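Asker: Please find the sequence and the predicted model below.
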Amino acid sequence: MTGWIHIRGMQTAYNRYAEKLSGSDKVAWPPKFWKFHLKTEGDPEVSVAFTDARRFGRIRLVDCPGSEIRSNSPLVDNGPDPVVDREIFTEDYLSKKMKGRHVPIKALLLDQAMISGIGNWVGDEIMYQAGMHPEQYSDEFTDSEIAKLYKAICYVCDTAVEKLGDSDQFPEDWLFNHRWGKGKKDAAKTLPNGERLLFITVGGRTSCVVPTRQKKTGRVTAGVKEEEPEPSRKGKPSKQSSSYFDNADEKNGDEREQEPDARAAKKARSNDTKKKSIKKSIKKEDDESTSVSEVAIRKKSNAKSSGKQTMPPSDIGRRRSTRLSKTS
């Protein structure tokens, strides 16, 4: 996600995010895209702002001690965090949740009531590292597969937190480094080793899958739409637009990041079609106009040669309506 907490005078974002702030944006306060601004009383005064380039973020005021915040709504409704609640989030906990529901496994991972903190790209990475297909139903996995999935969840979440979400420091063999840009001309179509990338929609979210690595071992959801990234044009690399917020979660855009490019391309094609249609219409009108003019000239020439003068039609007067009753 693109939401971020800013504290005036302190760098709360990692370097890549901070580099996006240039010129007046570095010192502007409240910062760009701010949605919520808070000042503390006393000396020194502390200013805090919540920013979000999009409108997914939400602020809630909870009146309780900080130590009890997770015991109050809405956080009390969340499942355990794989990193900080390891004593609750155990392999046995995961097994019971998976076997107790009949939903695609990735949809279960994204359900914050089951497990907290797993977003779309994290879910894709977990599925990739575990070698499991996101469409397969959660109650279709063996105990050994569940154990493998549990290890993958802990590994991906621990690594992301350890690197403070800085994607520049993520392992080179992660799917994260290749899953972005669906729908763009320069999107990766395969992994560096040649394995094909495939995009599907699971639980309403776009998922990136490597079919050769992520096998289906049980029943899966039916009617899932599969898409492949468009091949890039050789020798014509497209310039990727960089977002003001460029971090791991923001790219998620689910992949919503491809929508502006798709809309722009569609609009351009539509404009080209309209221009061609207009040109054809103009040409047709010109041809028709020329034809009419030529006919008029020929008629005028014939009239002169015959010595006849064209007279306007005589006024025949107004006709009496037959609907009017006749008077005797």
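Answerer: Done, it's in. All figures in this text were calculated on a predicted structure; none of them were measured in a lab.

Asker: Tell me how many other residues crowd residue 173.
Answerer: By the measure other C-beta atoms under 10 Å, the count of residues near residue 173 is 12. Where you see a C-beta, it was placed from the backbone N, CA and C, and this is true even at glycine.

Asker: Any figure for the gap between it and residue 123?
Answerer: Look at residue 173 and residue 123: by C-beta to C-beta, to the nearest Å, they are 18 Å apart.

Asker: Repeat that for residue 215.
Answerer: Noted for residue 215: a distance of 18 Å to residue 123, by C-beta to C-beta.

Asker: Counting neighbours, go ahead and name the busier of those two.
Answerer: Neighbour comparison, residue 215 and residue 123: the larger count goes to residue 123, with 24 against 10 (by other C-beta under 10 Å).

Asker: average pLDDT across whichever helix or strand the more buried one is part of?
Answerer: If you go by DSSP states H and E, residue 123 is part of helix 120-130. Helix 120-130 carries an average pLDDT of 96.

Asker: try stretch 212-226
Answerer: 82.

Asker: Could you tell me which residues within it count as buried?
Answerer: 213, 214, 218, 220, 221 (16 or more other C-beta atoms under 10 Å).

Asker: so what's residue 175 closest to, chain neighbours aside?
Answerer: Nearest non-adjacent residue to residue 175, counting by C-beta to C-beta, 6 or more residues apart in numbering: residue 128, 4.1 Å away.

Asker: wait, the one you found sits on residue 212?
Answerer: No. Using C-beta atoms under 8 Å, residue 128 is not in contact with residue 212, being 11.4 Å away.

Asker: and residue 124, what does it touch?
Answerer: 106, 134, 175, 176, 179, 207, 208, 209 (C-beta atoms under 8 Å, 6 or more residues apart in numbering).

Asker: Name the SS class of the closest residue in space to the fifth one that isn't next to it in sequence, please.
Answerer: Spelled out, that is residue 179. In space, and not counting its chain neighbours, residue 179 is closest to residue 208: 3.9 Å by C-beta to C-beta, 6+ apart. Put simply, residue 208 is strand when judged by DSSP: H, G, I helix; E, B strand; the rest coil.

Asker: in the sheet, who's paired with residue 208?
Answerer: Under DSSP bridges, the beta-bridge partners of residue 208 are residue 199.

Asker: give me the low-pLDDT residue ranges for this protein?
Answerer: For the chain, the stretches with pLDDT under 70 are 1-2, 13-26, 183, 185-187, 223-328.

Asker: now the strands for it?
Answerer: Secondary structure of the chain by DSSP state E: the strands cover 4-7, 34-39, 47-51, 198-202, 205-209, 226-227.

Asker: mind checking which of those strands is nearest residue 169?
Answerer: Closest to residue 169 of those is strand 4-7 (C-beta to C-beta; 18.3 Å).

Asker: Report all helices and strands that the closest one contacts.
Answerer: strand 47-51 (3 or more C-beta pairs under 8 Å, 6 or more residues apart in numbering; DSSP states H and E).

Asker: Distance-wise, check residue 54 relative to residue 35.
Answerer: Where residue 35 is concerned, residue 54 sits at a distance of 10 Å (C-beta to C-beta).

Asker: got any residues that touch both of the two?
Answerer: With C-beta under 8 Å, 6+ apart, residue 54 and residue 35 have no common neighbours.

Asker: Outline the domain layout of this protein.
Answerer: Per automatic domain parsing, the structural domains of the chain span 1-59, 77-231+244-259.

Asker: Pick the most deeply packed of those.
Answerer: domain 77-231+244-259 (a mean of 17; mean count of other C-beta atoms under 10 Å).

Asker: could you pull out the helices for the stretch 51-200 of the chain?
Answerer: Applying DSSP state H, counting those that start in this stretch to the stretch 51-200 of the chain gives helices spanning 91-99, 105-110, 120-130, 143-162.

Asker: and of those helices, who's closest to residue 64?
Answerer: Residue 64 sits nearest to helix 143-162 of all the helices of the stretch 51-200 of the chain, at 25.0 Å, using C-beta to C-beta.

Asker: what does that closest one contact?
Answerer: The contact list for helix 143-162 (C-beta under 8 Å, 6+ apart) reads 82-83, 86, 91, 94-95, 98, 105, 109, 115, 117-118, 122, 125-127, 129-132, 141, 170-171, 217, 248.

Asker: and if you look at stretch 58-78?
Answerer: By C-beta under 8 Å, 6+ apart, stretch 58-78 touches 35, 36, 50, 112, 113, 116.

Asker: List the residues that contact the last one.
Answerer: The contact partners of residue 116, taken as C-beta under 8 Å, 6+ apart, are 78, 79, 80, 81, 82, 85.

Asker: Name the nearest of those residues relative to residue 198.
Answerer: The closest of these, once distances to residue 198 are taken by C-beta to C-beta, is residue 82, at 26.3 Å.
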